[in-house]
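Visitor: next come a sequence and a model predicted from it.
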Amino acid sequence: MHTPSASESCIVLLFIVGVTLGGGFATSALTMADTGDDWYEDLKKPDWTPPDSVFGPMWATLYLLMSFAAFLVWRRGGFMKQALPLSFYTVQLVANFSWVFIYLEAKDLLAAFIELCCLWVLIIVTAVLFGRVRKSAGFLLVPYILWVAFAGSLNLELWLLNKDKDEESG
């Protein structure tokens, strides 16, 4: 098995973090640009909705954990040997980024909830595949699984509270 050098490992880690964290920040920046639209602020929200200030740090933390998990898998043989788990990682990452557009740009709460359920399954599959390569890599995705389950519950509750508004915009 090929043992990556320190410089190769550093480059790959920076690449994975850059794609994961950078993609998350870019997606947020594209959807959070001040458009004068108060759609999200105007939604009826459950009492247990976290303050907006929680979401940025939470996602940054999760993206770093995800990146490190993917890096640990990569360290066990590289991209070719770990093609299946790293492909699932990429697919779930695209699904993660896509949810933001469905939720904040299309403003379709039901479609966003359905997409989030698919994302949750993809994350679980990714965690299982990562865990088969290296247990710690699978465990690093547990906070992500839990957060997306929470986000899914919140998304569903938002849809239930705002069905009439969602139907009017669709």
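Guide: Sure, I can see it. None of the values given here were measured: they were computed from a predicted structure.

Visitor: how about the helices in the chain?
Guide: 6-32, 39-42, 52-74, 78-81, 83-100, 109-133, 135-139, 142-161, 163-169 (DSSP state H).

Visitor: redo those helices as CSV? Include mean pLDDT and mean neighbour count.
Guide: C-beta here means a position set from N, CA and C on the backbone, and glycine is covered the same way. Listed next are these as CSV, based on pLDDT from 0 to 100; neighbours: other Cβ atoms under 10 Å:
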stretch, mean pLDDT, mean neighbour count
helix 6-32, 89, 14
helix 39-42, 88, 11
helix 52-74, 95, 18
helix 78-81, 92, 12
helix 83-100, 96, 18
helix 109-133, 98, 19
helix 135-139, 98, 17
helix 142-161, 97, 17
helix 163-169, 68, 12
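
Visitor: who's in contact with I124?
Guide: I145 (Cβ atoms under 8 Å, 6 or more residues apart in numbering).

Visitor: if I pick T49, what's in contact with it?
Guide: When contacts are taken as Cβ under 8 Å, 6+ apart, T49 is in contact with L154.

Visitor: state the distance from the closest residue to K44 other than its chain neighbours to F68.
Guide: Excluding the flanking residues, the one nearest K44 by Cβ to Cβ, 6 or more residues apart in numbering is L161, at 4.2 Å. Applying Cβ to Cβ, to the nearest Å, the value for L161 to F68 is 36 Å.

Visitor: could you count how many residues lie near P51?
Guide: 6 (other Cβ atoms under 10 Å).

Visitor: what's the pLDDT at it?
Guide: On the pLDDT scale, P51 is placed at 92.

Visitor: right, and G138 touches I123 too?
Guide: No - with contact defined as Cβ atoms under 8 Å, G138 does not reach I123; the gap is 10.8 Å.

Visitor: need the contact list for the residue lying closest to W147 once chain neighbours are set aside.
Guide: Using Cβ to Cβ, 6+ apart and skipping the chain neighbours, the partner closest in space to W147 is L62 (6.0 Å). Neighbouring residues of L62 by Cβ under 8 Å, 6+ apart: P143, Y144, W147.

Visitor: so which of the residues you listed comes closest to G18?
Guide: Nearest to G18 out of those is Y144 (Cβ to Cβ; 18.2 Å).

Visitor: residues in contact with the closest residue to F88 other than its chain neighbours?
Guide: Of all residues not flanking F88 in the chain, T126 sits nearest, at 4.4 Å (Cβ to Cβ, 6+ apart). Applying Cβ under 8 Å, 6+ apart, we find T126 in contact with P85, F88, Y89, Q92, L141.
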